[in-house]
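In: just a sequence and a predicted model for now, questions to come.
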Amino acid sequence: MSDLPSRRAANARLPPEVNRILYVRNLPFKITSEELYSIFGKYGAVYQIRLGDKSRDTRGTAFVVYEDIYDAKAAVDHLSGFNVGGRYLVVLYYQPAKFQRRVEVEEKKKEVEELRRQVQRKKLALSAEEED
């Protein structure tokens, strides 16, 4: 993009959440990796792009890994709110702790739902026994 020393001087102190892995949400469901490379590649060398599955949970999302943290910062600064295919991108820095908590909450919700089903079955069985 521009010359590296001047970018580093301008961004000497980066916030702690800044890293080279970006989490992108609200992507058009039919977007391809090549299209993402053309959009995100304008801000620096992209190391890897992982597009979400076509399954319900991860479609419309992607992880973009830059080779340089300053390129990632430039992409977040310029592409958050960028319109792609009629959708406005949400570009965030990947925060592993936050994602792990989300996974744990989902697991707990499933566990609670299963316990509720078990209690409901027991109540039905008890009420059926009482009627006999």
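Out: The structure has been received and is ready for your questions.

In: dump the residue contacts of residue 76.
Out: 18, 22, 91, 92, 93 (Cβ atoms under 8 Å, 6 or more residues apart in numbering). C-beta: built from backbone N, CA, C; applies to glycine.

In: what's the burial count for the third one?
Out: So the one you mean is residue 91. 21 (other Cβ atoms under 10 Å).

In: report pLDDT for it.
Out: On the pLDDT scale, residue 91 is placed at 93.

In: quick revisit: closest one to residue 106 out of the contacts of residue 76, please.
Out: residue 92 (18.6 Å; Cβ to Cβ).

In: pretty sure that closest one sits against residue 26.
Out: No - proximity of residue 92 to residue 26 does not meet the contact threshold set by Cβ atoms under 8 Å, at 10.8 Å.

In: so which residues of this protein form strands?
Out: 21-25, 46-51, 62-66, 83-84, 87-88, 90-93 (DSSP state E).

In: what's the per-residue pLDDT of residue 120 here?
Out: Residue 120 is given a pLDDT of 90.

In: residue 63 now?
Out: Looking at residue 63, its pLDDT reads 92.

In: ok, residue 6 next?
Out: Per-residue confidence (pLDDT) for residue 6: 53.

In: could you number the chain from 58 rather than 1 from now on?
Out: New numbering, starting at 58: the last item is residue 63.

In: work out which residue lies at the spatial centre of the protein.
Out: Per Cα atoms, centre = their mean, the C-alpha nearest to the average position across the chain is that of residue 80, at 4.1 Å.

In: how close does that one sit to residue 106?
Out: Distance, residue 80 to residue 106, by Cβ to Cβ, to the nearest Å: 12 Å.

In: ok, which of the strands of the chain comes nearest residue 182?
Out: Among the strands of the chain, strand 78-82 sits nearest to residue 182 (Cβ to Cβ), with 44.0 Å.

In: buried sites along the closest one?
Out: For strand 78-82, burial by neighbour count (16 or more other Cβ atoms under 10 Å) applies to 78, 79, 80, 81.
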